[in-house]
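Visitor: pasting a predicted model and its sequence here:
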There are 2 protein chains.
Amino acid sequence: MNTAQTLTKIPLFHTLTDTQYQQLARHARYLSIKRGEILFQKGDPSDGFYYVIQGKMKLAISAKNGNERVIEIIQTDMTFGEAVMFINKPYPVYAQAVVDSQLLFIAKQAILRAIEQDTQFALKMLAGLSYRLHSLVKDVESSCLYDSTQRIVIYLSMLEMNETGWIILPATKSVVASLLNLTPETFSRVLKILSEQQLITVKGRHIQIHDIEKLRQFSHTQPI
Amino acid sequence: MNTAQTLTKIPLFHTLTDTQYQQLARHARYLSIKRGEILFQKGDPSDGFYYVIQGKMKLAISAKNGNERVIEIIQTDMTFGEAVMFINKPYPVYAQAVVDSQLLFIAKQAILRAIEQDTQFALKMLAGLSYRLHSLVKDVESSCLYDSTQRIVIYLSMLEMNETGWIILPATKSVVASLLNLTPETFSRVLKILSEQQLITVKGRHIQIHDIEKLRQFSHTQPI
DNA sequence: CGCCCGCTTGATCGTCATCAAGGGCGGTGG
DNA sequence: CCACCGCCCTTGATGACGATCAAGCGGGCG
């Protein structure tokens, strides 16, 4: 598949014309990245954003002492790095490949031109950023107002969209734990408790939720 | 001052023409709100955003048990609520007046029209949202990677832009504490410790930083 | 002058991180 | 096919940070 064709898969671009796709394609470049590799470091300058053709990336921050906190896990068919493009600031996070991945980089100038030509595109861009902002507020909310069990239950509930009742964690348990602002140890312990309560079944990264309502109830009755 | 004149003070609108100002003014309305009053509740639908002509607002979330967490303090000349406008979701936070305030509400449809007419405006809007996103990431970073003393020092350093060395907290200590994800008690204790270390002087909401470098050093040497 | 609200200070507790060690699974090579 | 190795994950013991509960202080405003 060529670059222009790949671009048509990005939801953000769905209102564009063929000509515009060709323009974008000229400013896009394909790249492949191996598991564990760093795409950009916190502090690097930004001149475009990325689309995940296939694979998984994680955005995270880290303290001097080595502690890290995963902000987001970017999966196949998602984009990242849009926001930083519009302000002259370096990346506030670093990006690392969780598995071998294929990415598409789209240069800032191409986006700016597209915005000039297409109002709908600008609105989509705004909606995309707004959505991100919304998610982050929810994230802050979670971290501040809920304890570890509640955060985990909320997270599992979010993933619970399949019909089967089985969900698959998008990364290793350590990474998911960090996403929920927990240590791997705590994450493991809570999953064990939920298992013992017959609320879930854990098989590696696969988790079955038996009764989502009971699960939610449990997490609320925990305090006191 | 009439509405159109007030609009010209909003940085976001600086590229607009007089005609556009008139258009916007028709979709804007002035409102006055008393200290403590709620402007909108979490969950309310959004159909525009707000500009603080004079006063102070706070955006916060709250848990069932009554706990609250202040996300942002909006001061005179700042805007809020832009992001939610672009996605069909209710406010993820509630807004409350910290002091008696005058606001300008600008309806969504006026903004959408302005975006259609002015590319520069769309870009400014994008930059504004990006900036918000950036701040929030910084906020998450602070909460996760730094302890209470470090967060307070970082916050005080941010406010430290005046020449005098004296800074003024933008709200009551309780509200600032919540903004830093701390209880008032902890906030008070840390300020006391910093005072005892001769690093700052506290007089009500006025704080003098004696030596910002020593202050930073202290907050880093604390752990261990 | 007195009340109320916001701040301080103290004592105690709980949650989660940290430190440490052991177990399981998958991949690789003999 | 089996053995080995490394990486996660688990499980246990301990501790620290900050929250909570409780009481007293102080200053501003009516």
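Guide: Happy to help now that I have it.
Visitor: does chain B have contacts with stretch A:197-217?
Guide: No: Stretch A:197-217 does not reach chain B (CB under 8 Å from any CB of the partner chain); its nearest approach is 12.6 Å. C-beta coordinates here come from the backbone N, C-alpha and C atoms, glycine included.
Visitor: span of that stretch from start to end?
Guide: End-to-end distance of stretch A:197-217 (CA to CA, to the nearest Å): 12 Å.
Visitor: contact partners for residue A:182?
Guide: Taking CB atoms under 8 Å, 6 or more residues apart in numbering or on different chains, we find residue A:182 in contact with A:148, A:151, A:152, A:190.
Visitor: again with residue A:157
Guide: A:209, A:212, A:215, A:216.
Visitor: packing partners of the helix or strand hosting residue A:135?
Guide: Using DSSP states H and E, residue A:135 sits within helix A:119-145. Where contact means 3 or more CB pairs under 8 Å, 6 or more residues apart in numbering or on different chains; DSSP states H and E, helix A:119-145 is packed against helix A:82-85, helix A:108-117, helix A:148-159, strand B:56-62, strand B:68-75, helix B:82-85, helix B:108-117, helix B:119-145.
Visitor: so what's the model's average confidence on it?
Guide: What helix A:119-145 shows for mean pLDDT is 94.
Visitor: is any part of it close to DNA strand C?
Guide: No: against DNA strand C, helix A:119-145 shows no contacts by CB under 7 Å from any atom of the strand, the least distance being 9.7 Å.
Visitor: now that helix against strand A:68-75, angle please.
Guide: Orientation check (axes from the mean of the first three to the mean of the last three CA atoms, to 10 degrees): helix A:119-145 against strand A:68-75 gives 140 degrees.
Visitor: now check helix A:119-145, is it near DNA strand D?
Guide: No: if you take CB under 7 Å from any atom of the strand as the test, helix A:119-145 misses DNA strand D, and the best it gets is 8.9 Å.
Visitor: buried sites along stretch A:147-164?
Guide: A:148, A:149, A:150, A:151, A:152, A:153, A:154, A:155, A:156, A:160 (16 or more other CB atoms under 10 Å in any protein chain shown).
Visitor: for the contacts of residue A:182, which two are the farthest from each other?
Guide: A:151 and A:190 (9.0 Å; CB to CB).
Visitor: tell me what the lowest-mean-pLDDT helix or strand in chain A is packed against?
Guide: Within chain A, no helix or strand scores below helix A:3-7, which has a mean of 87 by mean pLDDT, DSSP states H and E. Here helix A:3-7 touches helix A:18-26, strand A:28-33, strand A:101-107, going by 3+ CB pairs under 8 Å, 6+ apart.
Visitor: ok, and the closest non-adjacent residue to residue A:57?
Guide: Using CB to CB, 6 or more residues apart in numbering or on different chains and skipping the chain neighbours, the partner closest in space to residue A:57 is residue A:74 (4.3 Å).
Visitor: just give the number of residues close to the one you found.
Guide: Applying other CB atoms under 10 Å in any protein chain shown, we find 24 residues neighbouring residue A:74.
Visitor: and residue A:141, by the same measure?
Guide: Counted with other CB under 10 Å, residues neighbouring residue A:141 total 19.
Visitor: can I assume it is in contact with residue B:68?
Guide: No: assessed by CB atoms under 8 Å, residue A:141 is found out of contact with residue B:68, at 10.8 Å.
Visitor: picking that back up, name the residues of the least confident helix or strand of chain A that are buried.
Guide: Neighbour counts using 16+ other CB under 10 Å place A:3, A:4, A:6, A:7 of helix A:3-7 among the buried residues.
Visitor: great, nothing more from me.
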